[in-house]
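**Student:** no letters, just coordinates:
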Ligand code: TYD
Ligand code: MG
């Protein structure tokens, strides 16, 4: 008997290999390869393919205006690029327990309130469990239906018969096709299921939201395997112990990426946070050294956040450096700049830098905030709490221009800040500066002289 053909897949990134490998050459993870049977593909005759394929010129293509519809969550609409696109496939990824099912059930609630036919297909929870969750969230109308199913062929038939406008699949890792012998959650199954949902979305004009769990262990295939297959990838992230959650656009065929939506997990489900800056700054300590407010742009939106630093004498030969919420290498680099240009003896100190609230930000405009927080802690001097700063810091200690300075200043003014330290080159004579003093600085020394 002929041996069944198998192939090895990396469960993290989907890398294929004919033999088992200890370390994946694609994503460098260890022990992620599993053996899976090769999916049988139906081959089509080249003649048939030729008949179907006929190239067209660009000018012959007529554009249909995409008609988006609102999800009822303006924060989600913003991340999607202005609303839900009909016939699109959206992947919502995130750690288990972060609130993906809650978010999508709430989207279903808002859509059903607009009388849009919605179908929520769960492969993880029973109808009773969904009902309990729904009761916490609030009222639902009858245009939402629920189904507990994991078999792709059955779901295919249900969708073709019912033709809902929006479908939620919770989660893609539980779906399986009978044509493939490997278990649900394996790379082949996840790929097959995503491909099938893509065809259903495009063929029937249904918008499909897929939930995908991200796992480090590689027990179930991470959604990274299917990022390239779907139209839009959103990540729902946040600290499980903190109440806020961030929805981040990573890929979007219909709009810009890097937009974020901010939510707060409450007793009755998720609530939108309309003013994230206020939210992020709500716990800021008064008169504490090592704390400064900086401004970062996420997508098109400025967000003010608190940068904290703690610098203390190191008791070991090698100082410890830790950064939470920002890049450790960047912090190391900035500390080297301070050591060299400002003659601070930081090599004798441990340093811990934290973006308060557990949010992750890597914009270069935060540099000035990080630098000032470190100096403030080193010198044990407080920075005025009504001061905000932004600017990129270069290797010579120079403060470089950043984009969208005006938006940042407006956001700071809106929240009652009275002083803003910014790169001198970003100062513009036409800027509205009532109520806020703008201090343009060329280098870190000048910034320190002005506020510390
Ligand atoms: P869930 O949506 O089940 O997460 P996921 O689908 O991403 O795995 O969210 C689970 C968490 O959310 C759970 O720990 C409890 C919390 N939660 C609330 O705090 N309030 C609520 O109203 C709901 C429904 C959940
Ligand atoms: Mg869930």
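**Tutor:** The structure has been received and is ready for your questions. This is a predicted model, so every value here is computed, not measured. Ligands and ions are numbered 1, 2, ... in the order given.
**Student:** contact partners for the residue of the stretch 351-452 of the chain found nearest ligand 1?
**Tutor:** The stretch 351-452 of the chain approaches ligand 1 most closely through residue 358 (15.9 Å), counting by CB to the nearest ligand atom. Glycine gets a C-beta too; all of them are placed from N, C-alpha and C. Residue 358 makes contact with 238-239, 242, 324-325, according to CB atoms under 8 Å, 6 or more residues apart in numbering.
**Student:** what does residue 211 give?
**Tutor:** With contact taken as CB under 8 Å, 6+ apart, residue 211 is in contact with 92-93, 100-101, 104, 168-172.
**Student:** residue 392 now?
**Tutor:** By CB under 8 Å, 6+ apart, the residues touching residue 392 are 364-365, 367-368, 399-402, 423.
**Student:** and those, which are buried?
**Tutor:** Burial by neighbour count, 16 or more other CB atoms under 10 Å: within the contacts of residue 392 this picks out 364-365, 367-368, 399-400, 402, 423.
**Student:** let's have these in TSV, adding pLDDT and secondary structure.
**Tutor:** TSV is the format used below for these (pLDDT from 0 to 100; DSSP: H, G, I helix; E, B strand; the rest coil):
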residue	pLDDT	secondary structure
364	93	helix
365	95	helix
367	95	helix
368	96	helix
399	96	strand
400	95	strand
402	93	coil
423	95	strand
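**Student:** excluding residues flanking it in the chain, which one is nearest the residue of the stretch 251-400 of the chain found nearest ligand 1?
**Tutor:** Per CB to the nearest ligand atom, residue 269 is where the stretch 251-400 of the chain lies closest to ligand 1, at 4.1 Å. Excluding the flanking residues, the one nearest residue 269 by CB to CB, 6 or more residues apart in numbering is residue 137, at 4.3 Å.
**Student:** isn't the one you found up against residue 268?
**Tutor:** Yes - with contact defined as CB atoms under 8 Å, residue 137 reaches residue 268; the gap is 6.2 Å.
**Student:** please list which of the contacts of residue 211 are also close to ligand 1.
**Tutor:** For ligand 1, the contacts drawn from the contacts of residue 211 by CB under 6 Å from any ligand atom are 100-101.
**Student:** pop out the phi and psi values for residue 300.
**Tutor:** Taking degrees, to the nearest 10, you get phi -110, psi 10 for the backbone angles of residue 300.
**Student:** contacts only, for it.
**Tutor:** Counting by CB under 8 Å, 6+ apart, the residues that residue 300 touches are 256, 259, 407.
**Student:** in this structure, which helix or strand is least confident?
**Tutor:** The weakest-scoring helix or strand in the chain, judged by mean pLDDT, DSSP states H and E, is helix 46-52 (a mean of 67).
**Student:** of residue 137 and residue 268, who's got more company?
**Tutor:** Higher neighbour count among residue 137 and residue 268: residue 137, with 15 against 11, using other CB atoms under 10 Å.
**Student:** let me have the contacts of residue 392 in a markdown table, adding distance to residue 228 as columns.
**Tutor:** As requested, those are exported to a markdown table (distance: CB to CB, whole Å):
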| residue | distance to residue 228 |
| --- | --- |
| 364 | 28 |
| 365 | 30 |
| 367 | 33 |
| 368 | 37 |
| 399 | 39 |
| 400 | 35 |
| 401 | 35 |
| 402 | 31 |
| 423 | 38 |
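**Student:** same for the top helix by length along the chain, what does it pack against?
**Tutor:** Secondary structure of the chain per DSSP state H: the longest helix is helix 187-204. Under the contact definition 3 or more CB pairs under 8 Å, 6 or more residues apart in numbering; DSSP states H and E, helix 187-204 sits against strand 6-10, strand 33-37, strand 89-94, helix 152-162, strand 207-213.
**Student:** how about the ones you listed, which one is nearest residue 252?
**Tutor:** strand 89-94 (9.1 Å; CB to CB).
**Student:** run the angle between that closest one and helix 187-204 for me.
**Tutor:** 140 degrees (axes from the mean of the first three to the mean of the last three CA atoms, to 10 degrees).
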